[in-house]
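Visitor: Sharing a model prediction with you, sequence too.
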Protein chains: 2
Amino acid sequence: MTHSSELLKGTLQTIVLKVLKDYGKTYGYEITQRVKALSDGSIALTEGALYPTLHKLEAEGFLKTEKIIVGKRVRKYYMLTLLGKSEAKDRVSEFIDFMRTMGAVLQVEINRQ
Amino acid sequence: MTHSSELLKGTLQTIVLKVLKDYGKTYGYEITQRVKALSDGSIALTEGALYPTLHKLEAEGFLKTEKIIVGKRVRKYYMLTLLGKSEAKDRVSEFIDFMRTMGAVLQVEINRQ
DNA sequence: ATTGATACATAATTCACTTAGGCATAAGAC
DNA sequence: GTCTTATGCCTAAGTGAATTATGTATCAAT
């Protein structure tokens, strides 16, 4: 395990919420693929982390689900609730603040455009 | 506890190494004060996290220590070893990569200048 | 004298995540 | 045809960095 994977901790909920905000109705496996693509292969979400997180966000009222039968398999789509949309926005703002703060602490110039 | 404090996880070693790189010989309590100042009050390192981290970084050969008697109290100064200097640089680079990747995933424009 | 700041340290607990399973269908390689 | 890889969901045990809770002691200020 690299040190950078340590940095990833605490970002999973934010990532999931933002992906659902940007892409709408998405299923678990698809989220892993999107994040892998967006991160140029460097972020590989593990199922052991992803599924419990989806369930938790749903239990908190941020996500709602819809099951679709594809062939003989069940696919579970997740989408943001109204509350979830607001939460997604908040979490991204929070992340931007965090980056700015860390930029100051680490004396790295960071600008959001 | 806010969600942003969750984001902070995994950054402590990087912060400590970078502060020691930028300020040279520094003691534990001083590190908490510097980080608080640099982060405009938003990052308050807890002693329960800081001291074990300092001990661990020392055990790994990244830090060396020097005890100074101030009045009747012992103050323990930490400074980077040669290995620690290189590690500090690597960790900051890693953090910059992480921010860039997260910027891409969260569709937030981030530029380092 | 009592509070708050300075200064170190350890121990129990928490909790997000990793690791390791389990189950099943679909597609492609050989 | 069967073997591997990809698709697709899930839970449970274990890990480890953090929080929370203490403990000890000096110093300055009111």
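Guide: On my side now, so go ahead.

Visitor: count of neighbours near A:Val19?
Guide: The number of residues packed near A:Val19 is 23, by other Cβ atoms under 10 Å in any protein chain shown. Just so you know, the C-beta spots here come from the backbone N, C-alpha and C atoms, and that holds for glycine as well.

Visitor: Torsion angles phi and psi at the residue nearest to A:Glu66 when sequence neighbours are not counted?
Guide: Nearest non-adjacent residue to A:Glu66, counting by Cβ to Cβ, 6 or more residues apart in numbering or on different chains: A:Tyr77, 4.6 Å away. As for A:Tyr77, its main-chain torsions (degrees, to the nearest 10) stand at phi -90, psi 140.

Visitor: A:Tyr77 touches A:Ile68, doesn't it?
Guide: Yes: proximity of A:Tyr77 to A:Ile68 meets the contact threshold set by Cβ atoms under 8 Å, at 6.1 Å.

Visitor: Neighbour count for these two, which is higher?
Guide: Between A:Tyr77 and A:Ile68, counted using other Cβ under 10 Å, the more crowded position is A:Tyr77 (17 against 11).

Visitor: what bits of chain A have low per-residue confidence?
Guide: Residues of chain A that meet the criterion pLDDT under 70 lie in A:1-4, A:112-113.

Visitor: just to revisit the earlier point, could I get the contacting residues of the residue nearest to A:Glu66?
Guide: When contacts are counted by Cβ atoms under 8 Å, 6 or more residues apart in numbering or on different chains, A:Tyr77 is found next to A:25-27, A:65-68.

Visitor: And DNA strand C, is the strand or helix carrying A:Val35 touching that?
Guide: Using DSSP states H and E, A:Val35 sits within helix A:28-38. No: contact between helix A:28-38 and DNA strand C, assessed by Cβ under 7 Å from any atom of the strand, is absent, since the two come no nearer than 10.1 Å.

Visitor: which helices and strands sit right next to that helix?
Guide: Under the contact criterion of 3 or more Cβ pairs under 8 Å, 6 or more residues apart in numbering or on different chains; DSSP states H and E, the helices and strands touching helix A:28-38 comprise helix A:12-23, helix A:47-59, strand A:73-80, helix B:82-105.

Visitor: go again using 10 Å as the cut-off
Guide: Helix A:28-38 sits against helix A:12-23, strand A:26-27, helix A:47-59, strand A:73-80, helix B:82-105, with contacts defined as 3 or more Cβ pairs under 10 Å, 6 or more residues apart in numbering or on different chains; DSSP states H and E.

Visitor: And these: which comes nearest DNA strand C?
Guide: helix A:47-59 (1.9 Å; Cβ to the nearest atom of the strand).

Visitor: Touching the closest one from outside, list them.
Guide: Outside of helix A:47-59, the residues that reach it under the criterion Cβ atoms under 10 Å, 6 or more residues apart in numbering or on different chains are A:8-9, A:12-13, A:15-17, A:20, A:27-29, A:31-32, A:35, A:45, A:62-65, A:76, A:78, A:80-81, A:84, A:87.
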